[in-house]
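Trainee: sequence first, then the predicted structure, then my questions.
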Amino acid sequence: MPGTRKLGRPTAHRNAMLRGMVTYLFENGQIETTYTRAKEVSALADKMITIAKQNTLASYRQLMAYITKESVVKKLTTTIVADYEDKNGGYTQVYKMGPRRGDAAEMAVIRLAKVEKPQTAEPEKPAKRKSRAKKATETETAPVAATETAETPEATEAVEAPAAE
């Protein structure tokens, strides 16, 4: 359940910090922060995307109540949610980066997960036909060049010389 870690802050400060980080994540696509904060932000961002997928007035108002910028809510409901239509959860990824230099806190990068959409087979067919045509012309010219070099007068003289001895 998101929001169970205290993160060493009073409740109001913690909630404001997490709201700001979620907003920044949707605005820029990734954040570098400590690992525990990244896990909290990941859970909250997944929850916000799930709410945005409902696409109702009530869900829009819930997003506006949590995310601090209206432009980010519009971006979330139009472009970001469109990428995750067929996906159920796992909208964010957290990568560990190693300890921070000053206090050795474990750092992490949180980013929105890239969605690989399956491509249709139609665009690939013309590309394969073109490449096959190119390969066919290359293979036709290659053996001709090999036979021309073998039939040069110098090559035939080298072959005939040992036979004469």
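Mentor: Great, that's in hand.
Trainee: domain ranges for this protein?
Mentor: 11-112, 124-164 (automatic domain parsing).
Trainee: lowest average confidence across the ones you listed, which one?
Mentor: The weakest mean pLDDT among the domains of the chain belongs to domain 124-164, with a mean of 54.
Trainee: returning to that earlier point: to residue 3, which of the domains of the chain lies closest?
Mentor: Closest approach to residue 3 among the domains of the chain is made by domain 11-112 (7.1 Å; CB to CB). To be clear about C-beta, it is placed using only N, CA and C from the backbone, and glycine gets the same treatment.
Trainee: end to end on the closest one, go ahead and measure it.
Mentor: Domain 11-112 has an end-to-end distance of 26 Å (CA to CA, to the nearest Å).
Trainee: show me where the chain has strands.
Mentor: In the chain, the strands defined using DSSP state E lie at 30-34, 92-99, 106-112.
Trainee: list the contacts of the nearest residue to residue 15 once chain neighbours are set aside.
Mentor: Distance criterion CB to CB, 6 or more residues apart in numbering; nearest residue to residue 15, sequence neighbours excluded, is residue 3 at 7.9 Å. Residue 3 makes contact with 15, 18, 40, 43, 44, according to CB atoms under 8 Å, 6 or more residues apart in numbering.
Trainee: gap between residue 3 and residue 47?
Mentor: 9 Å (CB to CB, to the nearest Å).
Trainee: ok so, going back, got TSV for the domains of the chain, with mean neighbour count too?
Mentor: As requested, those are arranged in TSV below (neighbours: other CB atoms under 10 Å):
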stretch	mean neighbour count
domain 11-112	16
domain 124-164	9
